[in-house]
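Participant: next comes the sequence, and after it the predicted model I'd like to discuss.
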Amino acid sequence: MSIISVSHLSKTFTERNNLITALDDVSLEIQEGQIFGILGPNGAGKTTLISTICGLIEPDTGKIELLGLELQSNLKELKSQINVVSGFTGILYTLNVRQALNYYSYLYGISNNSKKINELISLVGLDGYETNSADNLSSGNKQKFLIARALLNDPKLIFLDEPTVGLDVEAAINIRQLIIGLKSMGKTIILTTHNMTEAESLCDSIAIINKGKIIEIGTPDELRKKFEVPVSFELESDAVDELAASFSSIPNASIQKSLGGLKIQFPKSQLSSFLSSLSKKSHLITSFRSIDSPFDDVFLNIIRGANQ
Amino acid sequence: MNSFFVRIYSQLYKNLLGLLKNNFRLSDVLLWPLLYLFTLSFFSSYVGIKKDYFDVIILGMMGWRAVYFMSQELVASYMEDHWSKSLAFLHISPLSRLEFALSSSLSGFSKVVFVLSLYLLVTGFLYSFSIVHLDLFLLGMFFLIFLGFSFGLIILGITYLAKESAFNISFLLPDFVVLMSGVYFSVDSVFPSFVLPFIKLLPTTQAFNVLKSASDVSFSYDLTYLFVSSIVFFFLCERINFYLYNKARKQGKLGRFG
């Protein structure tokens, strides 16, 4: 079932007498229970898209349906079904963790929420921080607090806008585990991130947005297949020059030699000719390692293709 | 509790907790009102003002505080979320535009009640001040609270678009109108005759006259006009607020994520 249906959404802003197109005929469908990634360079329109879907910004044209209901005419009802985590915003500096969670519960019309707040504090791992000012928490704990806050109204739909930005490795891993946990709770998650590895590992589907337009949608695998990225290998050898010469016949291959080894990169279509050359010179190789092409390359291929 | 009342309680909860944690905000209901009171009362003692007129000054001061807190609290409550980069979260919550205004006005009203009690206590103890006509006091105060709330709606509307810049207007606009409404004096004896018809059209002029008449000095007022003009003024302010809210929403200025 489609939980978000956006069709032909457009939005322009006027800034210093210049007309800026933030969203340009955006259409997409997001299925219930998915982690759906929205990726794009800075200023591509990701935040405007989220803000518009949340009802914060009124679109110029287009239609948004959430949970099968048209957004504009059911705004109040739908607001109770969604929530957002965005950077480190949404932390009232005058309130401590428990008071802030109380406050946000009240905004959603929820009273007698002590039990729920205790559960959420435990879920995100903020036990012992209840009386700390939310504004003074560490970055990792702030993000946990924001996730707890976003779960107060038990939303069906959660927007996570760069949830691991600025976090250390351990905190980022914890947050990713929390996100997977949210999915297993049946939540639909819309994730924006600049971390492509994170997007690939977490998302069921990904939309790439550039200059306000959705330019690609698909699963990470589909995008990888569609936007072929070079295959890379690292080899160690005592005869680097001889080895490099044997690979020179592979079309479009790029070879970087270093002391005691080389790195070769070529289009996936040339894999068989690479393996053939390799088998002839296998006695020269002391170590062999394939390098995964990062999803960043897929992303860049898509964006560069769109910009050409 | 009904979810509507829970949402209405939200801003009262936030603002009262914020008040207790912030010396500046606490001063707003304790220190500044008392300094203001003593500035006027010491000067009145110095010039030997008659008690009747001293009572008018105290009543006018109370009315001014009522308008100030009721109008300013809507904006202060909103700006609290702006300064905390939390406005977007306020706007995506089910708390509606008018529920926010109503909710914030409750904390404004709490401040009015607190400061008026403080004034009554101090002036009663130090200057034997008492309200001669309680009915007129309550009626005048009711209208000033209502009009203060209406002013708050306009300023809140401007704040949707202008944020910090509008915060200055939140102090300026009600203070200017209150001054023009004859807060401590009769407008007839102060303003030139050609502006009087306009000044008397202000519902605040009528409301201050009702309030000041709670003393032994009587001022002229028209209750029917006050009632009708207050209602008209409120609806006008509400529409302006609505228009500016939609304009800010279209321009993407209500709040930003990230």
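Facilitator: Yes, it's here.
Participant: and the residue of the stretch 1-150 of chain A nearest chain B?
Facilitator: Closest contact between the stretch 1-150 of chain A and chain B, by Cβ to the nearest Cβ, is at residue A:109 (2.9 Å). For glycine as for every other residue, the C-beta is placed from the backbone atoms N, C-alpha and C.
Participant: what score does that residue have for pLDDT?
Facilitator: What the model reports for residue A:109 is a pLDDT of 94.
Participant: ok, it to residue B:78 distance?
Facilitator: Separation of residue A:109 from residue B:78 (Cβ to Cβ, to the nearest Å) stands at 19 Å.
Participant: that older thread, neighbours around the residue of the stretch 1-150 of chain A closest to chain B, how many?
Facilitator: For residue A:109, the neighbour count with other Cβ atoms under 10 Å in any protein chain shown is 22.
Participant: okay, buried residues for stretch A:218-229 please.
Facilitator: By neighbour count on 16 or more other Cβ atoms under 10 Å in any protein chain shown, the buried set for stretch A:218-229 is A:220, A:223, A:224, A:227, A:229.
Participant: now, which of the residues you listed sits nearest residue B:18?
Facilitator: The closest of the buried residues of stretch A:218-229 to residue B:18 turns out to be residue A:220 (Cβ to Cβ; 44.8 Å).
Participant: my guess is that closest one contacts residue A:206. True?
Facilitator: Yes. Counting by Cβ atoms under 8 Å, residue A:206 is a contact partner of residue A:220 at 6.0 Å.
Participant: got any residues that touch both of the two?
Facilitator: A:199, A:200 (Cβ atoms under 8 Å, 6 or more residues apart in numbering or on different chains).
Participant: to which secondary structure element is residue A:200 assigned?
Facilitator: Assessed by DSSP states H and E, residue A:200 sits inside helix A:196-202.
Participant: equivalent analysis for residue B:188, please.
Facilitator: helix B:187-190.
Participant: just the mean pLDDT for that helix, thanks.
Facilitator: Helix B:187-190 shows a mean pLDDT of 89 in the predicted model.
Participant: next helix or strand past that helix?
Facilitator: Note on helix B:187-190: by DSSP H and E, the next helix or strand toward the C-terminus is helix B:196-201.
Participant: what helices or strands is that following helix leaning on?
Facilitator: On a contact count with 3 or more Cβ pairs under 8 Å, 6 or more residues apart in numbering or on different chains; DSSP states H and E, helix B:196-201 meets helix B:187-190.
Participant: show me how far the helix it packs on is from its chain's centre.
Facilitator: Relative to the centre of its chain, helix B:187-190 is centred 23 Å away, using Cα atoms, centre = their mean, to the nearest Å.
Participant: and for that helix, what's in contact with it?
Facilitator: Applying Cβ under 8 Å, 6+ apart, the contact partners of helix B:187-190 are B:180, B:181, B:182, B:196, B:199, B:200, B:205.
Participant: ok, for the fifth one, nearest residue in space, not its chain neighbours?
Facilitator: The spatial neighbour of residue B:199 that comes closest, neighbours along the chain excluded (Cβ to Cβ, 6 or more residues apart in numbering or on different chains), is residue B:187 at 5.2 Å.
Participant: for the one you found, grab the count of nearby residues.
Facilitator: Using other Cβ under 10 Å, residue B:187 has 20 neighbouring residues.
Participant: residue A:265 too?
Facilitator: 16.
Participant: where does it land in three-state SS?
Facilitator: Taken by DSSP: H, G, I helix; E, B strand; the rest coil, the conformation at residue A:265 corresponds to strand.
Participant: and the gap between it and residue A:295?
Facilitator: 16 Å.
Participant: quick check: what element follows the helix holding residue A:200 along the chain?
Facilitator: Taking DSSP H and E, what comes next after helix A:196-202 is strand A:205-210.
Participant: touching chain B at all, that next one?
Facilitator: No. On the criterion Cβ under 8 Å from any Cβ of the partner chain, strand A:205-210 is out of touch with chain B, staying 14.9 Å away.
Participant: note down every partner strand of that strand and its orientation.
Facilitator: strand A:35-39 (parallel), strand A:213-218 (antiparallel) (DSSP bridges).
Participant: nearest to residue B:64, out of those?
Facilitator: That would be strand A:35-39 among the strands paired with strand A:205-210, by Cβ to Cβ, at 51.3 Å.
Participant: the residue lying closest to residue B:94 once chain neighbours are set aside: neighbouring residues, count only.
Facilitator: Of all residues not flanking residue B:94 in the chain, residue A:79 sits nearest, at 4.5 Å (Cβ to Cβ, 6+ apart). The tally of other residues near residue A:79 (other Cβ under 10 Å) stands at 23.
Participant: mind pulling the model confidence for residue A:79?
Facilitator: Note on residue A:79: pLDDT of 95.
Participant: which ones are touching it?
Facilitator: Contacts of residue A:79 (Cβ under 8 Å, 6+ apart): A:54, A:55, B:92, B:93, B:94.
Participant: check residue A:94 too.
Facilitator: Contacts of residue A:94 by Cβ under 8 Å, 6+ apart are B:14, B:17, B:18, B:21, B:22, B:80, B:84.
Participant: could you report the neighbour count for the second one?
Facilitator: Read that as residue B:17. 18.
Participant: which strand or helix spans the residue of the stretch 1-150 of chain A closest to chain B?
Facilitator: Counting by DSSP H and E, no helix or strand carries residue A:109.
Participant: what number of residues lie near the closest residue to chain A within chain B?
Facilitator: Residue nearest to chain A within chain B (Cβ to the nearest Cβ): residue B:3, separated by 2.9 Å. Other residues near residue B:3 come to 14 when the count uses other Cβ under 10 Å.
Participant: which residue, other than its chain neighbours, is closest to it?
Facilitator: residue A:109 (2.9 Å).
Participant: which residue, other than its chain neighbours, is closest to the residue of the stretch 151-300 of chain A found nearest chain B?
Facilitator: Relative to chain B, the nearest point of the stretch 151-300 of chain A is residue A:161 (5.5 Å; Cβ to the nearest Cβ). Of all residues not flanking residue A:161 in the chain, residue A:86 sits nearest, at 3.8 Å (Cβ to Cβ, 6+ apart).
Participant: quick check, pLDDT for residue B:1.
Facilitator: Listed pLDDT for residue B:1 reads 69.
Participant: ok, residue A:109 touching residue B:93?
Facilitator: No. In this structure residue A:109 lies outside contact range of residue B:93 using Cβ under 8 Å: 9.0 Å.
Participant: residue B:181 and residue B:208 touch, don't they?
Facilitator: Yes. Using Cβ under 8 Å, residue B:181 makes contact with residue B:208 at a distance of 5.0 Å.
Participant: so between the two, which is more surrounded?
Facilitator: residue B:208 (31 against 24).
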